[in-house]
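Engineer: Predicted model, plus sequence, below.
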Amino acid sequence: MGFPMCKYTCILAGILLCGCSAFGQFETAEVLGTIHDASGAAVRGASVTLKNEGTAVEKKTTSDESGLYDFFDVSPGRYTVTAELTGFQTFQTTGVVVDVSARQRVDISMQVGAVSQVVDVTGAAETLETDSSQHDQVINTQQIVELPLNGRNYSDLALLSTNVHRSPLSVLFAANGTPREGAFNVNGMRSTYNNFLLDGLDNNAYSPSNQGYSSQVVQASPDALAEFRIITSNFSAEFGRVGGGVIDAALRSGTNEYHGTLYEFFRNTDLNAVGFTFSPAAFQKPTLQRNQFGVTVGGPFIKNKLFFFADYEGFRQLQRYLNFDSIPDSTDRTGVLPTTVYDPINHTIYAANTQIPISALNPFAATVLSGLPTQNGTGRSNNYEALLLVRDYSDKYDAKLDYSINQKMTSFLRWSQRKDLQYYQPDIPGPSGGNGNGYIHAIQQQAAAGYTWSMTPGSLFDARFGFTHVLAGKVPPYLGGPSMEQLYGIPGLPTTPNLTGGLDCKTSAVFRSWGGRQATPNFRTLLLSIPNSITHSCWAGTP
């Protein structure tokens, strides 16, 4: 279902004609400053050049009557700023670091002399961002790559900022738990109140079931990120969808030189300590085998014009954890119970430890009990133990193209995908067991495109388009098996293979819950969203 093409044309035309002054939530930065002479007077008409030291892409502008200059749409990186005007020496400063979504000020003082004379100035860029009142912190490439990250989730580094605390949703309370990546509380707000942006586009995982167990759609590898900024307070109105914090991240881009990395991080059972939890019946160290491996590569297709960057990361983990359950012992299953039993149908009382006739047993109950495994522990509590398997296999990758059309126009394309397959072994095997998450799958895809046009020294046209596709679900371990009618003779329940398989969930006040979970199977149908598809026009000063 969609709108007619004429309606799309009208919407686009309306956006282009209205020229509204709405600032987009973009990851690009701004470099600005004031040019003055030795006496402090404003210098008008100076030619200012901003050159990216990695890609050699240049932007040019001219100072106005107040000596002001401004560059919009500046990608994070290191830059050289040059200013020239007849009658003055050429001003040049190198190594100006521009962070994601920053407003970097570089004020210029020009000295009388010939243009051929070049004055190299160090430390011209202000280290304190004085053109913004927001409270934030930038986590740069070196910190992202070199700081230890168990699990390699870059969002964990947001905890380096003030007023940021780990959410209970992100804590692994048990080996079979499913913590949510990117879940942290900013200024005491819920983690769902945070706003994740990637390359200026909405990157929030809105799915209510959230089988991907992440606050983000695209969970970029640390080696694939240029840097990210976490804003905790006083952010501008452009970040409207937020009550907690803003996490503004930028994916890496290619440069004029070819660069690549190849890595693997691993944990192995043989290298792990025993821990305080082990099987009293048969001593065995719980299994934990984790391999995280990947590659990144970037460089030029056309030097100074077209650049590429791509990355891949695989995750393979096999983990076993010791689990205890309480199940009926062999005497319980024959009808000898340690407590007095009253039969409300026959109005018969059976004393404790007295054999209940087989004919008096409910056939359904007898079949369920016979499908349980034999206890391997002692006592009536925690008398069945097992090392249960948790398997997690995931693959994710990104591909990005950056194109410098000319000094006034730039564009980019990006495609990201993550596929995650998890399996949680049921606590109790067999048709009478099956309790557990079972199989979880999540496929998350995102396409992004951007176009920027510096129309005049005082106006900027910037458009971003994003397309997100999420498909996820959870199914019990015995899905597609015999139905309740086939197993226990109970009619009137679903018989289709996508809903059958083993015993339905049954609870007990004494023993472990049997059967599948109440919340499974759980399917998240196709989710499509188009975030930030509106064209933004940003106006600053007078064109």
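Structural biologist: Arrived safely, thanks for sending.

Engineer: quick one, helices of this protein?
Structural biologist: 5-18, 141-146, 330-333, 363-370, 484-488 (DSSP state H).

Engineer: any low-confidence regions in the stretch 1-150 of the chain?
Structural biologist: 1-26, 123-128, 131 (pLDDT under 70).

Engineer: Pull the contacting residues for residue 373.
Structural biologist: By CB atoms under 8 Å, 6 or more residues apart in numbering, the contact set of residue 373 is 327, 384, 428, 429, 430, 433. Just so you know, the C-beta spots here come from the backbone N, C-alpha and C atoms, and that holds for glycine as well.

Engineer: Please read the previous query as pertaining to residue 262.
Structural biologist: Residue 262 touches 294, 295, counting by CB under 8 Å, 6+ apart.

Engineer: Who is it paired with across the strands?
Structural biologist: Applying DSSP bridges to residue 262 gives these bridge partners: residue 295.

Engineer: Also residue 313?
Structural biologist: residue 294, residue 396.

Engineer: So it versus residue 166, what's the distance?
Structural biologist: Separation of residue 313 from residue 166 (CB to CB, to the nearest Å) stands at 23 Å.

Engineer: same check, this time on residue 339
Structural biologist: The gap separating residue 339 from residue 166 is 45 Å, by CB to CB.

Engineer: What of residue 416?
Structural biologist: 25 Å.

Engineer: same question, residue 48
Structural biologist: 45 Å.

Engineer: Next: residue 83.
Structural biologist: Distance from residue 83 to residue 166, by CB to CB: 47 Å.

Engineer: higher neighbour count, these two?
Structural biologist: residue 83 (24 against 15; other CB atoms under 10 Å).

Engineer: Chain neighbours aside, what residue packs nearest to the more buried one?
Structural biologist: Nearest non-adjacent residue to residue 83, counting by CB to CB, 6 or more residues apart in numbering: residue 91, 4.2 Å away.

Engineer: ok now do the one you found, which residues does it touch?
Structural biologist: Contacts of residue 91 (CB under 8 Å, 6+ apart): 81, 82, 83, 84, 108, 109, 110, 119, 121.

Engineer: if you set the cut-off to 7 Å instead, what comes out?
Structural biologist: 82, 83, 108, 110, 119, 121 (CB atoms under 7 Å, 6 or more residues apart in numbering).

Engineer: Give me the buried entries from those residues.
Structural biologist: Buried by 16 or more other CB atoms under 10 Å: 82, 83, 108, 110, out of these.

Engineer: any idea how far stretch 481-500 is from the chain center?
Structural biologist: From the chain centre to the centre of stretch 481-500 is a distance of 38 Å (CA atoms, centre = their mean, to the nearest Å).

Engineer: now do stretch 456-471
Structural biologist: Worked out by CA atoms, centre = their mean, stretch 456-471 lies 20 Å from the chain centre.

Engineer: Using the record, which stretches count as separate domains in this structure?
Structural biologist: 26-129, 136-325+385-539, 330-371 (automatic domain parsing).

Engineer: start to end distance for the shortest one?
Structural biologist: End-to-end distance for domain 330-371: 12 Å, by CA to CA, to the nearest Å.

Engineer: Closest to residue 76 out of the buried ones among the contacts of residue 91?
Structural biologist: residue 82 (19.9 Å; CB to CB).

Engineer: is it true that that closest one touches residue 89?
Structural biologist: No: Residue 82 is not in contact with residue 89 according to CB atoms under 7 Å; the separation is 11.5 Å.

Engineer: can you tell me which residues contact residue 214?
Structural biologist: If you count contacts by CB under 7 Å, 6+ apart, then residue 214 has 180, 181, 182, 205 around it.

Engineer: which non-adjacent residue is nearest the second one?
Structural biologist: Going back to what we said before, that points to residue 181. Residue 181 sits nearest to residue 214 (CB to CB, 6+ apart), 4.1 Å away.

Engineer: For the stretch 401-543 of the chain, give me the ranges with low pLDDT.
Structural biologist: For the stretch 401-543 of the chain, the ranges with pLDDT under 70 are 506, 509-510, 512-513, 516-543.

Engineer: redo that, cut-off 80
Structural biologist: 430-437, 456-460, 479-481, 485, 498-543 (pLDDT under 80).

Engineer: What are the boundaries of the strands in it?
Structural biologist: 409-424, 438-456, 459-475, 522-529, 535-539 (DSSP state E, counting those that start in this stretch).

Engineer: Among the contacts of residue 91, name the ones in strands.
Structural biologist: If you go by DSSP state E, the contacts of residue 91 have 82, 83, 108, 110, 119 in strands.

Engineer: unless I'm mixing things up, the fourth one is touching residue 37, no?
Structural biologist: Yes: at 5.6 Å, residue 110 counts as touching residue 37 under the criterion of CB under 7 Å.

Engineer: which residues do these two both contact?
Structural biologist: residue 43.

Engineer: Identify, from the contacts of residue 91, the entry nearest to residue 406.
Structural biologist: Lowest distance from residue 406 to the contacts of residue 91 (CB to CB) belongs to residue 82, with 18.6 Å.

Engineer: Please name the residues that touch the closest one.
Structural biologist: By CB under 7 Å, 6+ apart, the neighbours of residue 82 are 49, 90, 91, 92.

Engineer: Derive a PyMOL selection command for the buried subset of those.
Structural biologist: PyMOL command restricting the contacts of residue 82 to the buried ones, with burial defined by 16+ other CB under 10 Å:
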select buried, resi 49+90+91+92
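
Engineer: can I get the contacts of residue 91 in a markdown table with distance to residue 362?
Structural biologist: Formatted as a markdown table, the contacts of residue 91 follow (distance: CB to CB, whole Å):
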| residue | distance to residue 362 |
| --- | --- |
| 82 | 88 |
| 83 | 90 |
| 108 | 89 |
| 110 | 95 |
| 119 | 95 |
| 121 | 89 |
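
Engineer: Which of those sits closest to residue 308?
Structural biologist: Nearest to residue 308 among the contacts of residue 91: residue 82, at 27.9 Å, using CB to CB.

Engineer: where does the closest one sit relative to residue 51, distance-wise?
Structural biologist: The value you get for residue 82 to residue 51, if CB to CB is used, is 7 Å.

Engineer: Please enumerate the shared neighbours of those two.
Structural biologist: Counting by CB under 7 Å, 6+ apart, nothing touches both residue 82 and residue 51.
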